[in-house]
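A.B. asks: need a 3D model of the following:
(2 chains)
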Amino acid sequence: MKVGFFLREALRGMTRNAVPSFAALASVLVTLLVLGVFIPIVQATTGAANEVRGRVLVNVYLKSNSTQADIARVGGVIRQNDQVDKVQFVSKAKALSEEKAKNPEAYQLLGSNPLPDTYRVTPKNPDNTDELIASLAPQTPGGGSTVVDPAIDVVKSSKDDTQKILTATKVVKYTTGLLAVLLVIASILLISNTIRLSVFSRRREIHVMKLVGATDGFIRWPFVLEGTIVGALGAILAVLLLGVLKVALVDPLVSDFALLAAPQTVGFGALVAILLGAGILVSALGSAISLRRFLSV
Amino acid sequence: MAATEDELRLRDVQAAQRAASEQERAGASASSRPGDPANAIEMRGVSKTYDVSNAGLRNATFAVRRGEFVFMVGPTGSGKSTLMRLLIKELEPDEGRILVAGRDLSELTHKQVPYYRRNLGVVFQDFKLLPNRTVHDNVAYALQVTGSRRKEIRAKVPDILRLTGLSTKLHHYPDQLSGGEQQRVSIARAFVNHPPLLLADEPTGNLDPETSIGIMQLLYRINRTGTTVLVATHDNAMVDRMRRRVLELDAGRIVRDEIGGRYAPADISTAEFGALLREPAPEPRRKGHDDPSDDFDDAFRD
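C.D. replies: Numbering: from 1, shown residues only, chains lettered A, B, ... in the order given. This is a model prediction of the structure:
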């Protein structure tokens, strides 16, 4: 009886105050639509940035006269280092064939193979590249550097590239993160403000209800239900539109653009759940909080 | 002669108030003495001031017995509305105690206030109807807040609307009604619970004289069912003809408390009550030609 009454009251509130209700619904719809587009973009960007960071490599060049035993020993030393994620051995011959493939004419001119045996080391955390290098080739007090194994010639990362990749991806990650936070704040403010307006336009009505002897709960529940319905309707419409966008625009392009297929993008189902939950929660809470001021009569 | 009588009466009232407030000051036991349950309303030294204007209430002390019909008169800003708002606990007094049916209003918690208000019928000058509800639903809302069953609502609402003469307007919205009709809806809403106390704040303030008489007759009929009725109005002349008890306020003070008393409340019918209201107003007093306020005319003479 009571739930039915509150539900009828909520529906009456919505239909008899169509304009403020529609404004609230529209603001939920628009903000969730923007969020729904932006969240996957942020995640795809972050994913892409992480993928780029994964390409940071440290090359350990061996001396040209190293033997098979030397090579195996150095391999063991590198693998024992706890900063190391992956190790790939590239022999003289393999390096030559790789380079030949890139630049056949130049290598045609060279009679012999000038390339050393190399270990390509992927650091666990690209930010710790410098520490990894230092542990394989510690700095001497004199300013030069030694190596941990006599067979190692030089330890190098493509220093400039690494720095560029690291700073660029950091900027991208922080900017998108900041934008996402701002957008979420703006969405909450926009939705709750529209709901405040809708409640405010009925403050006289709330006042009369209080004077007639309605308890706070008796007045609040229809409003919270109304907020929930408005939030849910806005969220459902936003999700439907996002679904249309996904099927019509994004899905056909996934095969062509690596960015869209980035592995860390949230699944559509999870995105729908987040948007629905946020829309309903913010609207219902917004209604309850905006009412408080007018109930203290 | 009449003026001196007024002055005497005023002096009496003020003396009574002084005595009351001295009694208040005399000891805490006086102010905490329990209310008389035979009094529907009792105010003891109640003051309320606002920050911005000086409209308010100053040291008001009076009691209204159960079943009484009391008019409260006074010019705009004399404190009538403040007194009403204090009674429905929309405002808190700065000083003094307000007792309704022997209960001190200051002891009510925020949670208890709605339950207290259900025992009051309140009629406002601006009707305060819910604009999104029909006449029927406006009246039904007062029952719904008390958790009444649908069956009860279906039985009571048409009844009270018949009493107030609104049976044909059941499904109209407030903005489709005239002022008098809206006021009758708000009286129906105030009375549908059969509250023991009905407060009306300028119920005829926005209405023409003939409609006002209809509204007053309705309030009188409600009073005859045993409900205590307190009506605030600034229509001094009409009230004076009615021989009910009159409280007059001026600048927040009670300056007159006159029991009309020529008729006992049950003695006259609603029609007679209306006839009293329609009696011709006293002849306007003509000023003598030597009255200095007539100098205004002289200003245009040359």
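A.B. asks: secondary structure class for residue A:87?
C.D. replies: Classification of residue A:87 using DSSP: H, G, I helix; E, B strand; the rest coil returns strand.
A.B. asks: what's around the closest residue to residue B:201 other than its chain neighbours, how many residues?
C.D. replies: Excluding the flanking residues, the one nearest residue B:201 by CB to CB, 6 or more residues apart in numbering or on different chains is residue B:84, at 4.4 Å. Using the backbone N, CA and C atoms, a C-beta is placed for each residue, glycine as well. By other CB atoms under 10 Å in any protein chain shown, 23 other residues sit near residue B:84.
A.B. asks: ok, residue B:84 touching residue B:197?
C.D. replies: No: with contact defined as CB atoms under 8 Å, residue B:84 does not count as touching residue B:197 (11.6 Å).
A.B. asks: common neighbours of those two, please.
C.D. replies: Common neighbours of residue B:84 and residue B:197 (criterion: CB atoms under 8 Å, 6 or more residues apart in numbering or on different chains): residue B:230.
A.B. asks: show me what from the stretch 51-200 of chain B comes close to chain A.
C.D. replies: B:88, B:90, B:110-111, B:114-118, B:120, B:122, B:128-133, B:141-142, B:144-146, B:150, B:189 (CB under 8 Å from any CB of the partner chain).
A.B. asks: which of those residues are buried?
C.D. replies: For these, a burial check counting by 16 or more other CB atoms under 10 Å in any protein chain shown picks out B:88, B:90, B:114, B:116-118, B:120, B:122, B:128-130, B:132-133, B:141-142, B:144-146, B:189.
A.B. asks: contact partners of the helix or strand hosting residue B:276?
C.D. replies: Under the criterion of DSSP states H and E, residue B:276 resides in helix B:270-278. Here helix B:270-278 makes contact (CB under 8 Å, 6+ apart) with B:212-214, B:216-217, B:220-221, B:224, B:238, B:241-243, B:268.
A.B. asks: now, which of the residues of the stretch 51-200 of chain B next to chain A lie within helices?
C.D. replies: B:114, B:115, B:116, B:117, B:141, B:142, B:144, B:150, B:189 (DSSP state H).
A.B. asks: what sits against residue 214?
C.D. replies: As the question left the chain open, I've gone with chain A. Per CB under 8 Å, 6+ apart, neighbours of residue A:214: B:114, B:141, B:145.
A.B. asks: oops, wrong one, chain B.
C.D. replies: When contacts are taken as CB under 8 Å, 6+ apart, residue B:214 is in contact with B:180, B:184, B:274.
A.B. asks: what is the neighbour count of the second one?
C.D. replies: Which is residue B:184. For residue B:184, using other CB under 10 Å, the count is 26.
A.B. asks: what about it, which SS state?
C.D. replies: Residue B:184 - assigned by three-state DSSP - is helix.
A.B. asks: hmm, it is touching residue B:166, no?
C.D. replies: Yes: the pair residue B:184 and residue B:166 qualifies as a contact (CB under 8 Å) at a distance of 5.8 Å.
A.B. asks: ok, residue B:116 - contacts?
C.D. replies: So residue B:116 contacts A:213, B:89, B:100, B:105, B:108 (CB under 8 Å, 6+ apart).
A.B. asks: cool, and residue A:195?
C.D. replies: A:24, A:227, A:230, A:283, A:286, A:287, A:290 are the contacts of residue A:195 under CB under 8 Å, 6+ apart.
A.B. asks: if you set the cut-off to 10 Å instead, what comes out?
C.D. replies: By CB atoms under 10 Å, 6 or more residues apart in numbering or on different chains, the contact set of residue A:195 is A:20-21, A:23-24, A:27-28, A:223, A:226-227, A:230-231, A:282-291.
A.B. asks: filter the residues you listed down to the buried ones, PyMOL style.
C.D. replies: A single PyMOL command selects the buried members of these (16+ other CB under 10 Å):
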select buried, chain A and resi 20+21+23+24+27+28+223+226+227+230+231+282+283+284+285+286+287+288+290+291
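A.B. asks: out of the ones in helices among the residues of the stretch 51-200 of chain B next to chain A, what pair is the most spread apart?
C.D. replies: Greatest spatial distance among those (CB to CB): B:116 and B:150, at 25.2 Å.
A.B. asks: pLDDT wise, what is the residue of the stretch 1-150 of chain A found nearest chain B at?
C.D. replies: Closest residue of the stretch 1-150 of chain A to chain B, CB to the nearest CB: residue A:16 (3.9 Å). Looking at residue A:16, its pLDDT stands at 81.
A.B. asks: hang on, isn't it packed against residue B:132?
C.D. replies: Yes: here residue A:16 reaches residue B:132: they are 3.9 Å apart, a contact under CB atoms under 10 Å.
A.B. asks: so what sits against both of these two?
C.D. replies: A:202, B:173.
A.B. asks: thinking again about what came up before, which secondary structure elements does the host helix or strand of the residue nearest to residue B:201 contact?
C.D. replies: Here residue B:84, judged by DSSP H and E, is contained in helix B:80-87. Packing partners of helix B:80-87 (3 or more CB pairs under 10 Å, 6 or more residues apart in numbering or on different chains; DSSP states H and E): strand B:39-49, strand B:56-65, strand B:69-73, strand B:95-100, strand B:120-123, strand B:197-201, strand B:228-233, strand B:245-250.
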